[in-house]
Structures are given as C-alpha cells and as structure tokens.
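S.K.: Compute the structure for the input listed below.
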Amino acid sequence: MRDDLHNTRIEIFKKFFLTIYPHNDISTILKKSLNKFTILCEEAVVSVPEVKGALKTIKILKNLNKRLFISSLTPEDTLKRIVTERKIDIYFEHIFGSPDTKINHLKKIQNITNLNPSQIVYIGDSNSDMVASMEFGCSYIGIGKDESIYNVKPNYFLENYNSFFDKL
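M.R.: Numbers count the residues shown, from 1 in each chain. Modelled structure (predicted):
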C-alpha cells in the first residue's frame, strides 16, 4: 500500500472498516482509529533515529543555498508537527503532505522556485517517490537499505546520506 500514489490513510482505513462492518455507519470508529493511528505514528516517527548522515547533508545543502522542501503522503498537519518536533523545520522552505499528491507537490515547488523539472532533484525512499519524479520529469536519488523496492532501478541509490556527495 505504501507505493500506491492515490490511497491515503483515510481511504485505507475506510476500506478496512467497510470490509469488517459493511452495513454499519463507520464514521465514529473511523475517526477514533485515525486519531489514535496519527498519535502513534507521530510518537514513533519523532523517536526514530535519523538516517545516517541526513541532517549533515541537509545542513550542507542549505549552506550551499539549495532550496529544500518535503513531499510526503503523510497528512500535512501531522508531518509539520513531526518535522517541528525533530527540530528540522528551519531547513525547509515548505512542507507538503496529503491530501495533495506528490505530483502536485512537485508542481507547487516548481511554481515557488521557477525552476524547470530538469533543475529539480527529488530525494526519496519509495517507489512512489521515484514514480512521481519520473512523471514530473525531474531527477531522482533513492535512499534506503533495499533497492529491490523499486520497480525500475534508480539511476542513483544510496544506503544512507554519508556518501551523498561522494557518489554524485
């Protein structure tokens, strides 16, 4: 489900509860479950250790006057709270989340920056990130432990950010 560009957590939970309770009003249980899930996710993500070298890379890019943005399928309010709690919000010009799509995020970034897609680099960790970058027409750098998550091998793939500037 992670790589489905169109399913939000709301749609996923709704499908799940409609399967279990096909003839009932699921609005109350859906709302309670989504709220609990959001709280659990925020707590978990805030406490997860940083990907090796990520903050160092962000700081270097910022010092090089690169404009940095976040694009995620995480609900935007939740994402902004997580980024603020991790104290990295100061490095990003804008933080984009759902319900908007990654393609729309890239279009907004293009409008904000007045850059051509060929001048934008999308750094991501999922097949949906790479698909969005390909559809938009910008470069993509994959980060993660398992390159096999991609349907097509990315041109650039790093296990972590420690070698970010060495490989490019």
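S.K.: quick one, domains of this protein?
M.R.: Domain assignment for the chain, taken from automatic domain parsing, gives 9-47, 54-167.
S.K.: Just give me the lowest mean pLDDT stretch among those.
M.R.: Among those, domain 9-47 has the lowest mean pLDDT, at a mean of 87.
S.K.: buried residues in that domain?
M.R.: Going by neighbour count (16 or more other CB atoms under 10 Å), the buried part of domain 9-47 is Arg9, Phe13, Lys14, Phe17, Ile26, Leu30, Ser33, Leu34, Thr38, Glu42, Val45. C-beta here means a position set from N, CA and C on the backbone, and glycine is covered the same way.
S.K.: cool, stretch 79-99 as well?
M.R.: So stretch 79-99, judged by 16+ other CB under 10 Å, has buried residues Leu79, Lys80, Arg81, Ile82, Val83, Ile88, Phe92, Ile95, Phe96, Gly97, Ser98.
S.K.: which ones are touching the last one?
M.R.: Think Ser98. Going by CB atoms under 8 Å, 6 or more residues apart in numbering, Ser98 touches Thr8, Arg9, Ser72, Leu73, Thr74, Pro75, Glu76.
S.K.: What is the burial count for Asn151?
M.R.: For Asn151, the number of neighbouring residues by other CB atoms under 10 Å comes to 9.
S.K.: quick one: it from Gly142, how far?
M.R.: Asn151 sits 12 Å away from Gly142, going by CB to CB, to the nearest Å.
S.K.: Same question for Phe157.
M.R.: In terms of CB to CB, Phe157 sits 4 Å off from Gly142.
S.K.: Identify the contacts common to the two.
M.R.: Tyr150.
S.K.: Who has more neighbours out of the two?
M.R.: Between Phe157 and Gly142, counted using other CB under 10 Å, Gly142 has the larger neighbour count: 24 against 16.
S.K.: need the contact list for that one.
M.R.: The contact partners of Gly142, by CB under 8 Å, 6+ apart, come to Gly124, Asp125, Asp129, Met130, Tyr150, Pro154, Tyr156, Phe157, Leu158.
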